[in-house]
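Trainee: Okay, sequence plus prediction incoming.
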Amino acid sequence: MGSASTPTDRGPVTEVACPQCDTRVEISVPDREVDPVVRPYVAAFGDHSVVHCSDGHKFWVYYC
């Protein structure tokens, strides 16, 4: 029997800073060409991810 492998390629990755405490958080981005924009609030539209830093702060990253 062969062993199952877990894919490790998450795609493009970058770091952003939490807007409340400046803790660096590594996130996956949809494309290397996008510019992630960090916001402490959710907007009505736009491609985004919800991110939590190690201090428990919640913020949103939008992809422009």
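Mentor: Cool, got the structure.
Trainee: From one end of stretch 16-27 to the other, what's the distance?
Mentor: The stretch stretch 16-27 measures 7 Å between its terminal residues, going by C-alpha to C-alpha, to the nearest Å.
Trainee: try stretch 19-29
Mentor: 18 Å.
Trainee: go on, stretch 43-51?
Mentor: 14 Å.
Trainee: Check stretch 42-52 too.
Mentor: From the first residue to the last, stretch 42-52 extends over 13 Å; the measure is C-alpha to C-alpha.
Trainee: What residues of it count as buried?
Mentor: Burial within stretch 42-52, assessed by neighbour count using 16 or more other C-beta atoms under 10 Å, is assigned to residue 51. To be clear about C-beta, it is placed using only N, CA and C from the backbone, and glycine gets the same treatment.
Trainee: ok, residues contacting it?
Mentor: The contact list for stretch 42-52, computed with C-beta atoms under 8 Å, 6 or more residues apart in numbering, reads 16, 18, 25, 27, 28, 30, 58, 59, 60, 61, 62, 63.
Trainee: which among those end up buried?
Mentor: 16, 18, 25, 59, 60, 61, 62.
Trainee: Need the contacts of stretch 42-52 in JSON lines (columns: distance to residue 42).
Mentor: Converted to JSON lines, the contacts of stretch 42-52 look like this (distance: C-beta to C-beta, whole Å):
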{"residue": "16", "distance to residue 42": "16"}
{"residue": "18", "distance to residue 42": "15"}
{"residue": "25", "distance to residue 42": "17"}
{"residue": "27", "distance to residue 42": "16"}
{"residue": "28", "distance to residue 42": "19"}
{"residue": "30", "distance to residue 42": "18"}
{"residue": "58", "distance to residue 42": "10"}
{"residue": "59", "distance to residue 42": "9"}
{"residue": "60", "distance to residue 42": "5"}
{"residue": "61", "distance to residue 42": "11"}
{"residue": "62", "distance to residue 42": "10"}
{"residue": "63", "distance to residue 42": "14"}
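Trainee: what's the lowest-pLDDT member of these?
Mentor: In terms of pLDDT, residue 30 ranks lowest among the contacts of stretch 42-52, with 85.
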